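Enquirer: Need a 3D model of the sequence below.
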Amino acid sequence: MTDSQTPLLSVRNLCVSYGAIKAVQNVSIDVFAGEIVSVIGANGAGKSTLMSAVMGDVRRESGDVFLDGKVLAKKSFQVVTQGLSLAPEGRKVFAPLTVFENLMMGAFPRNDRSGIDDDLKRVFTLFPRLEERREQYAGTLSGGEQQMLAIGRALMSRPRVLLLDEPSLGLAPIIIKEIFRELKLINEQGTTILLVEQNARQALLLSHRAYVLQTGHLIKEGLSADLLRDPDIEAAYLGGGHRKL
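Expert: Residues are numbered from 1 along each chain as shown. Okay, here's the model as predicted:
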């Protein structure tokens, strides 16, 4: 984790609405280079909307997003070229395409052939099963393999910040453990990560810092280790005590 006081990714006073529904209200978060930062909260808290707004997949009603001090674009394809990529909730792999073709779709902003080849090797090293299934159609993969593919596809743009939306969703515990082990390695190799995750315990064990989102509002933030010991967080999200949040 860096000692720099300038965030790599900064969200300031972000608001997103769906009609009359205020999904995200005045949310501000910072992610510093080298960190894993998690956003935890219950279903409907606004976590996925936050990620979609950062990526430009939904309209930002107000507020700004900055990458390395520069205003981030509002269209998703421009956001990717600026240095962010997303492994979305539900994986959303291209089912009729092969594993290899899906990974190449992740590299669409790039034209450095040797660098793309290097990153393909990196993805296959991280997730050997993807190399084994290189020519297999993505729609025939298991849920865990599709999640690996979604992460690998996001890595192929060589992002400065990797965004992950509910990577454990619908997966067996043994696969979740494997996915989170690889996320830790991805971070150790130099990729900054912003993680949205309903599995609060897994998210806090993985991340350096965390934010707690409830009905579109940030209600707590701090070091992940501290939040793991916070009685209110334990009661509300970790399955212990009496809920106060």
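
Enquirer: Which helix runs longest in this structure?
Expert: Counting by DSSP state H, the longest helix found in the chain is helix 173-188.

Enquirer: Find the residue at the geometric middle of this protein.
Expert: With distances taken as C-alpha atoms, centre = their mean, L164 lies nearest the centre of the chain, 1.7 Å away.

Enquirer: which residues does that one contact?
Expert: 86-87, 151, 154, 183, 193-197 (C-beta atoms under 8 Å, 6 or more residues apart in numbering). C-beta coordinates here come from the backbone N, C-alpha and C atoms, glycine included.

Enquirer: how many neighbours does the residue nearest to P88 when sequence neighbours are not counted have?
Expert: Of all residues not flanking P88 in the chain, D165 sits nearest, at 5.2 Å (C-beta to C-beta, 6 or more residues apart in numbering). Neighbour count of D165, defined by other C-beta atoms under 10 Å: 24.

Enquirer: Quickly note the distance from the residue nearest to the centre of the chain to S207.
Expert: 11 Å (C-beta to C-beta, to the nearest Å).

Enquirer: what's the overlap in contacts for the two?
Expert: What both L164 and S207 touch, as defined by C-beta under 8 Å, 6+ apart, is the set 193, 195.

Enquirer: Next one: M1, what pLDDT does it get?
Expert: Note on M1: pLDDT of 47.

Enquirer: Show me what K70 is bridged to.
Expert: L67 (DSSP bridges).

Enquirer: Give me the pLDDT for it.
Expert: K70 carries a pLDDT value of 95.

Enquirer: picking that back up, compute the distance from the centre of the longest helix of the chain to the centre of its chain.
Expert: 13 Å (C-alpha atoms, centre = their mean, to the nearest Å).

Enquirer: After that helix, heading C-terminal, what element do we hit next?
Expert: strand 192-197 (DSSP states H and E).

Enquirer: Fine by me, thanks again.
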